[in-house]
Structures are given as structure tokens and as C-alpha cells.
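1. got a structure for you, letters missing:
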């Protein structure tokens with residue numbers, strides 16, 4: 001009866017083809033081979049979409065050649081496919097898409113798709129993290145004993161009256177923005193990459209981040225400096241915290257994959273999630289650069305509070321809109337943020 005066998009590549013499973021099977025195999029794939037030959041014959045006149053098609057058809061035809069070579073006694077077919085694969089390999093080597101096209105695809109497909117796929121982990125990290133920070137801040141505001149355990153009255157006064165606001169202006173804007181960018185990128189990388197350790201480092205990063213936020217916010221509000229706190233945190237913090245929550249989402253998702261890979265083999269699942277995590281990590285470098293620039297050049301230097309916060313809100317809305325619109329569109333096309341090509345499905349008779 002007709003069946004479908006997965007062929008992951010030249011080293012994939014082999015099947016035994018009879019004469020009738022060979023005819024059926026040729027009939028099933030001849031259109032792909034002819035299309036590949038037409039693309040090869042066009043040489044350097046290919047568009048970006050045609051280059052992607054050329055690469056995909058080359059890999060698919062290489063798989064077909066492997067199956068035919070190991071299973072079919074037909075030297076004419078083997079010779080035809082060998083020649084086509086060799087010519088296609090040369091064309092692929094000479095038809096690489098320019099770097100700008102790869103960057104464009106990453107920015108419009110790979111990163112938003114990977115981030116959008118993690119949206120529920122992302123939302124969960126944001127909600128739980130902010131609830132923790134809010135609960136801690138409320139506890140501090142209503143408990144003088146807790147405030148006293150954090151620092152002496154003089155130390156707290158120094159923090160709320162001077163240190164918190166001066167933090168954003170004590171260095172040059174460019175130097176401060178660069179320092180903040182590196183620090184946040186490092187924190188996000190730890191949260192994301194080391195999520196493979198069952199997500200434990202990711203949870204630690206999230207807890208530390210939210211505790212610092214809750215303690216500082218609680219002390220500022222308790223001292224009557226709530227408007228100063230939110231006026232200085234919101235401009236850059238909206239985008240910065242969103243990026244941190246996305247990094248934590250990726251780390252937690254990877255950690256959960258170690259525990260429950262679903263229907264996939266654990267190694268395969270981790271490889272796929274790892275490649276998506278790399279897309280997120282690279283994308284967050286750019287996102288955190290933007291938040292770092294806002295923190296360095298806006299937070300401490302734009303003295304109109306509504307304008308500062310407005311810049312932060314616009315940046316946050318633009319980022320979330322970008323992820324939702326492009327990410328949803330990409331995932332509907334089957335994109336995952338994983339650069340690995342999907343295996344071909346080759347129909348055979350059996």
C-alpha cells in the first residue's frame with residue numbers, strides 16, 4: 001500500500017525500490033527536478049525568493065539521489081540526478097543571498113516568530129514577576145520594620161533623595177548607555193541560555209530582578225518619592241523589562257523542554273528550542289540597545305516627565321506591535337524561528 005517515509009537527508013532511511021517503484025518515484029519528484037534544473041540554468045539572475053527555492057530543492061534532490069543510488073539499479077536515473085545535484089551544489093555556492101537579505105529575514109521572520117511562539121511563557125514571566133515586585137513593594141511601604149531591616153534612615157534617605165536620580169546622570173550619556181546595554185545583555189543571556197539547567201538559573205535571574213525593583217520602588221514610595229521613581233523607571237524600564245521577561249520566557253521554555261519534550265525526542269526538542277533561543281538572544285541584543293539608549297540619553301536628561309514616559313511608551317508599543325504583527329504572520333506560515341530546514345516527505349510504494 002502507498003505510504004510516506006521521512007527522509008531527513010542523504011543519511012536518512014533507505015528503501016528498496018522495484019522497477020514500478022522507480023517509475024512512481026520519478027513521477028512523484030520529476031517536477032521538482034525539472035524546476036531545479038531551470039533554476040540552475042538561470043545562473044546569477046535569480047531573485048532572493050528563487051535562491052531560497054534553489055537551496056531547498058538542492059537539498060531535497062540530494063536526498064532523492066541518496067535513495068535512488070542505494071536502492072535502484074537504474075544507472076541512467078542515478079547519472080541524471082548526480083549531474084543535477086553537482087550542478088545545483090555549484091549554483092548554491094555561487095548564489096548566496098547578500099548579507100542584507102539575511103538580516104532582513106531575521107528581523108522580519110525569525111526573531112518575531114520565535115518571540116511570538118513564546119508569548120504565553122513571556123506573559124507568564126511578566127505577570128508573575130510584576131506581582132512579586134508589587135507585593136514586595138506594598139509590604140515595604142506598610143512595614144517600617146522591613147524598611148529598617150533594609151538600611152538605616154540615613155542610608156534610605158540618601159538613596160531616595162540623591163542616589164536613585166543621580167544614577168542616571170553621574171556618567172556621560174554614551175558611556176552609561178553602553179554600560180547598561182552590556183549589563184542587560186549579559187543578564188538576559190544568562191536567563192535564556194542557562195535555562196537548559198531545568199530553568200533554575202532563569203528563575204534566579206527573574207527573582208533577583210523583581211526583588212531589586214520591588215525594594216527600590218517600595219522605599220521610594222514610602223518616602224513620598226513615588227512620582228520620581230515611576231518618572232525615571234518607566235521611560236527605559238518598559239522596554240528593558242519586557243526584554244528581560246522574554247529572555248526568561250525562553251529560558252523557562254527550554255528548561256521545561258528538558259523535563260517534557262512532548263512527542264519529540266529530547267535531543268531533537270532541545271536542538272529546535274535551542275536554535276529558537278539563539279534567534280531570541282540575537283534579537284534581544286538590538287532591543288536592549290534601544291532601551292539602553294533611552295536610559296542613557298532620555299531618562300536622566302529629558303526633564304519633562306510626560307515626554308520621558310511618552311518616549312518609553314512609544315518604544316514599548318512599537319516593539320509589542322512588531323512582535324504581534326510580524327510574529328503571528330510568520331507562525332501562520334509555519335515559521336518557528338528555527339533555521340533548520342524541515343525534512344522532505346517522499347512518497348513511496350510499499
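-> Good, I have the coordinates. All figures in this text were calculated on a predicted structure; none of them were measured in a lab.

2. which residues does residue 230 contact?
-> Applying Cβ atoms under 8 Å, 6 or more residues apart in numbering, one finds that residue 230 lies in contact with residue 309. No exception for glycine: its C-beta is placed from N, CA and C like everyone else's.

3. Tell me the pLDDT of it.
-> With respect to pLDDT, residue 230 has a value of 96.

4. ok, now how distant is it from residue 65?
-> To residue 65, residue 230 is 64 Å away according to Cβ to Cβ, to the nearest Å.

5. ditto for residue 100
-> 33 Å.

6. Same check on residue 121?
-> 41 Å.

7. Identify the spatial nearest neighbour of residue 206, chain neighbours not counted.
-> Sequence neighbours aside, residue 248 is the residue nearest to residue 206 in space, at 4.8 Å (criterion: Cβ to Cβ, 6 or more residues apart in numbering).

8. now do residue 229
-> Spatial nearest neighbour of residue 229, excluding adjacent residues (Cβ to Cβ, 6+ apart): residue 220 at 3.8 Å.

9. how far does whichever strand or helix holds the one you found sit from the chain's center?
-> Using DSSP states H and E, residue 220 maps to helix 200-222. Offset of helix 200-222 from its chain centre (Cα atoms, centre = their mean, to the nearest Å): 24 Å.

10. what's the following helix or strand after that helix?
-> Next helix or strand after helix 200-222 toward the C-terminus (DSSP H and E): helix 226-259.

11. Residue 198 versus the most centrally placed residue in the chain, what's the distance?
-> Nearest to the mean C-alpha position of the chain, by Cα atoms, centre = their mean, lies residue 280 at 2.0 Å. When distance is defined by Cβ to Cβ, residue 280 is 19 Å away from residue 198.

12. Could you verify my assumption that the residue nearest to residue 229 touches residue 226?
-> Yes - with contact defined as Cβ atoms under 8 Å, residue 220 reaches residue 226; the gap is 6.1 Å.

13. before we move on, the earlier item: return the residues in contact with the residue nearest to residue 206.
-> With contacts defined as Cβ under 8 Å, 6+ apart, residue 248 is in contact with 125, 129, 191, 192, 202, 205, 206.

14. Which one of the residues you listed is nearest to residue 39?
-> The closest of the contacts of residue 248 to residue 39 turns out to be residue 192 (Cβ to Cβ; 37.8 Å).
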